[in-house]
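> show me the folded form of this:
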Amino acid sequence: MGKNTTFAGRRWRGGLLAAAVLTVAGCSGGGTVSGETAKAPADPADASGTIKVLTHRTDLVQNGTMARYAEEFTKVYPGVKVKFEALTDYEGEVRIRMNTDDYGDVLMIPAAVAKNDYPKFFAPLGTAAELGGTYRFSDKTEVGGKVYGIAQFGTANGFVYNKAVWKQAGITDWPATPEEFLTDLKAVKARTDALPYYTNFKDGWPLTAWSNSIGSVTCDAKAGDKLAGAVSPWRKGGELRTIDTLLHDIVEGGLAEKDPNTTNWEASKGMIAQGKVATMQLGSWAITQMRDAAKKAGTDPEDIGFMPFPLRKDGTYCAVLASDYQQAVNAHSSHKAAARAWIDWFTQKSGYSAREGAVPALKSAAMPGTLKDFVDNDVSFLERSEAKTGEVNAIDNAAEIGLNKPDYRQKLVDLARGAQHGSLDGYFADLDKRWNEAARTAGS
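From the prediction side, this is the model:
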């Protein structure tokens, strides 16, 4: 995948609310959009044409995996030829192309496109009522009752950890509170040679994974929607205060790397696989990567585990499921039926999400083996509501905080390690002030 917002060797873009959203410059979409619904033909033989699929998965294009998917697809749709264009800086390059009509037939919806602008750029795929029963995360791209994108898959939030290291530290149960989590990390530090926690501070984007825990803290799928307003998200008892305090306390307690400016994402996979690092906050998409790293290192892939955020409600852990990139059909495509056929086939029949160890967008599909521990321990899965994503993004942008950008948590880490002056309470108060002021003016 490309470096910008990707995964499989890089990163996952889901984030809390799909990164900072901006209206694409020029925003004309290059012409008039008819608004016709992109439907796959009832008879596969009726689909024809050559379609271009823009993808961030440079790794899968380079190793031939995507070509093999296309071969399987053409067995069902013989009249359609699929071409892929893999983009390293996916967000940046597609954002520029979307000032014309030429941005592929199928593409992943860039974070730069404001949700309310989807009808300008993408063909509707059906109504919310039609697609909501089939696909998870369909409300993420719903505008005016119509859905403009279907998720490739989703991810659960939590902590990737090395089970062997935690066991060596004498820990056998998941921590049930932030305090227990900190105590466990201290035991790892005292009883093993492993670094208890790795921030991946330098690459930055892994710090955004902490935002995916919104909802897991209170077991509320609508927790993200409740940020829409002057609600002081970092108030005492607020989810973001709980989440960010835990990160702060990990660093302040000397449980993370001494110099976060030296971290390295690619290296971190081998470090946790070899037991040099014990724990990292990431989405469940990362499990397969860490297990692959274990195979390469000659260690046991089964040592790579996944635990939920350390809080329970009524005795139950909760994990919010968030969407990955959403696949869409270019509103200006001349082959909308073929493009839609590819999206449906890729989502339902390709086996892509299962191979990635990800949460399937198809509701009827089983949870992946990577989340077996969650299933076996009755972790409650909550599909994150996106009903007020547009409003929350507008506030976040106006406040210049960036819930899905690394900057504000990098400052949090710097405060915790004494690299910046200030107090945690003072920082939270400033964030609340900026958020509330923005909430009162955003959209006005």
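
> now residue 270: closest residue in space that isn't a chain neighbour?
Residue nearest to residue 270 in three dimensions, not counting chain neighbours: residue 293, with 5.1 Å by Cβ to Cβ, 6 or more residues apart in numbering. Every residue, glycine included, has its C-beta placed from N, CA and C.

> go on, residue 107?
residue 54 (4.2 Å).

> the longest helix along the chain: how far from the chain's middle?
With residue count as the measure and DSSP state H as the assignment, the chain has helix 424-441 as its longest helix. Here the centre of helix 424-441 is set off from its chain's centre by 25 Å, with Cα atoms, centre = their mean, to the nearest Å.

> repeat that for stretch 231-247.
With Cα atoms, centre = their mean as the basis, the distance from the averaged C-alpha position of stretch 231-247 to the chain average is 20 Å.

> if we can go back for a sec, now the longest helix of the chain: buried residues?
When neighbours are counted by 16 or more other Cβ atoms under 10 Å, the buried residues of helix 424-441 are found to be 424, 427, 428, 431, 432, 434, 435, 436, 438, 439.

> for the fourth one, give me its contacts.
Right, residue 431. Residues in contact with residue 431 (Cβ atoms under 8 Å, 6 or more residues apart in numbering) are 233, 234, 401, 408.

> measure the second one to residue 403 for me?
Here the distance between residue 234 and residue 403 works out to 11 Å (Cβ to Cβ, to the nearest Å).

> go ahead and confirm residue 353 touches residue 367.
No. Taking Cβ atoms under 8 Å as the definition, residue 353 is not a contact partner of residue 367, at 10.3 Å.

> which residues are common contacts for those two?
For the pair residue 353 and residue 367, residues contacting each of them under the criterion Cβ under 8 Å, 6+ apart are 359, 360.

> let me have the buried residues of helix 424-441 in a markdown table, extended by distance to residue 305 and pLDDT.
Putting the buried residues of helix 424-441 into a markdown table (distance: Cβ to Cβ, whole Å; pLDDT from 0 to 100) gives the following:
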| residue | distance to residue 305 | pLDDT |
| --- | --- | --- |
| 424 | 30 | 97 |
| 427 | 32 | 98 |
| 428 | 31 | 98 |
| 431 | 32 | 98 |
| 432 | 35 | 98 |
| 434 | 37 | 98 |
| 435 | 35 | 98 |
| 436 | 39 | 98 |
| 438 | 39 | 97 |
| 439 | 39 | 97 |
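
> okay, these in CSV with distance to residue 141 next?
Listed next are the buried residues of helix 424-441 as CSV, based on distance: Cβ to Cβ, whole Å:
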residue, distance to residue 141
424, 36
427, 34
428, 32
431, 29
432, 30
434, 28
435, 25
436, 29
438, 24
439, 24
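
> quick one on the thing from earlier: surely the residue nearest to residue 107 forms part of a strand?
Yes. Under DSSP: H, G, I helix; E, B strand; the rest coil, residue 54 sits within a strand.

> what is the burial count for it?
When neighbours are defined as other Cβ atoms under 10 Å, residue 54 has 21 of them.

> work out for me the element residue 118 sits within.
Taking DSSP states H and E as the criterion, residue 118 maps to helix 118-121.

> beyond that helix, next helix or strand please.
Per DSSP H and E, helix 118-121 leads on to strand 126-127 as the next helix or strand towards the C-terminus.

> so what are the sheet partners of that next one and their directions?
strand 146-147 (antiparallel) (DSSP bridges).

> nearest to residue 35 among the contacts of residue 431?
Distance to residue 35 across these (Cβ to Cβ) is lowest for residue 401, with 34.7 Å.

> count the neighbours of the nearest residue to the closest one once chain neighbours are set aside for me.
By the measure of Cβ to Cβ, 6+ apart, the closest residue to residue 401 outside its immediate chain neighbours is residue 408, 5.5 Å from it. Using other Cβ under 10 Å as the criterion, residue 408 is surrounded by 18 other residues.

> just checking, residue 408 touches residue 402?
Yes. Using Cβ under 8 Å, residue 408 makes contact with residue 402 at a distance of 5.8 Å.

> who touches both of the two?
Here residue 408 and residue 402 share no contacting residue, scored by Cβ under 8 Å, 6+ apart.

> other SSEs contacting the strand ranked longest in the chain?
In the chain, taking DSSP state E as the definition, the longest strand is strand 153-162. Applying 3 or more Cβ pairs under 8 Å, 6 or more residues apart in numbering; DSSP states H and E, one finds that strand 153-162 contacts helix 265-273, strand 279-283, helix 286-297, strand 304-307, strand 316-323, strand 359-360.

> closest one to residue 197 among those?
Ranking the helices and strands packed on strand 153-162 by proximity to residue 197 (Cβ to Cβ) places strand 279-283 first, at 5.0 Å.

> which other helices and strands does that closest one contact?
If contacts are counted by 3+ Cβ pairs under 8 Å, 6+ apart, strand 279-283 sits against strand 153-162, helix 265-273.
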